[in-house]
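Asks: I need the structure of the sequence given here:
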Amino acid sequence: MIRVLPAVLEIAFLVFCVIDVVQTPEHEIRNLPKWGWLILVILIPLIGGVAWLVAGRPVRQRSTSQWASDSALPEYQRPATLHDDIDTRLKADLAAADRQHEEALQKWQADLERRERQLREQEGDGQST
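Replies: Take a look at the predicted model:
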């Protein structure tokens, strides 16, 4: 298993680099044309792949915001624009749920106290006779 691991890693690296070269737009590739990088990566897999990652792959600009490109996100993942409205509705829903839970707890507590009284009364009746 240990002997096979380097070969598997090299093949995976080769496949990754070939797919990356093929999917990268021609105008974004640096230092060589796309076909040159593809030949280099295929003929000299390890060195060509490292060279591609270092010198050929386009430099991707990191955005300062997580939501910098909203249009690329599906509708359900886009950030809400009406934060205040959503916050107030959420707070109202949470308050209503809290009230319902509090009422249910009070009912359960009253029921528990009533049952305990009944048990005490039954135990008191059973001991006196």
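
Asks: which helix runs longest in the protein?
Replies: As assigned by DSSP state H, the longest helix anywhere in the chain is helix 83-128.

Asks: for the residue nearest the centre of the chain, give its distance to residue 86.
Replies: In the chain, the residue lying closest to the centroid (Cα atoms, centre = their mean) is residue 77, at 11.0 Å. Distance of residue 77 to residue 86, computed by Cβ to Cβ, to the nearest Å: 15 Å. Every residue, glycine included, has its C-beta placed from N, CA and C.

Asks: count the neighbours of residue 37 for me.
Replies: Neighbour count of residue 37, defined by other Cβ atoms under 10 Å: 26.

Asks: thought residue 21 was touching it, still the case?
Replies: Yes: when contacts are counted by Cβ atoms under 8 Å, residue 37 is listed as touching residue 21 (5.0 Å).

Asks: and for these two, which residues touch both?
Replies: 29, 52, 56 (Cβ atoms under 8 Å, 6 or more residues apart in numbering).

Asks: so which of those sit within strands?
Replies: With DSSP state E as the criterion, strands contain none of the shared contacts of residue 37 and residue 21.

Asks: make TSV out of those residues and add neighbour count and pLDDT.
Replies: Converted to TSV, the shared contacts of residue 37 and residue 21 look like this (neighbours: other Cβ atoms under 10 Å; pLDDT from 0 to 100):
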residue	neighbour count	pLDDT
29	17	89
52	24	90
56	25	87
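
Asks: just the closest of those residues to residue 115, please.
Replies: Within the shared contacts of residue 37 and residue 21, the smallest distance to residue 115 is 74.8 Å, found for residue 52 (Cβ to Cβ).
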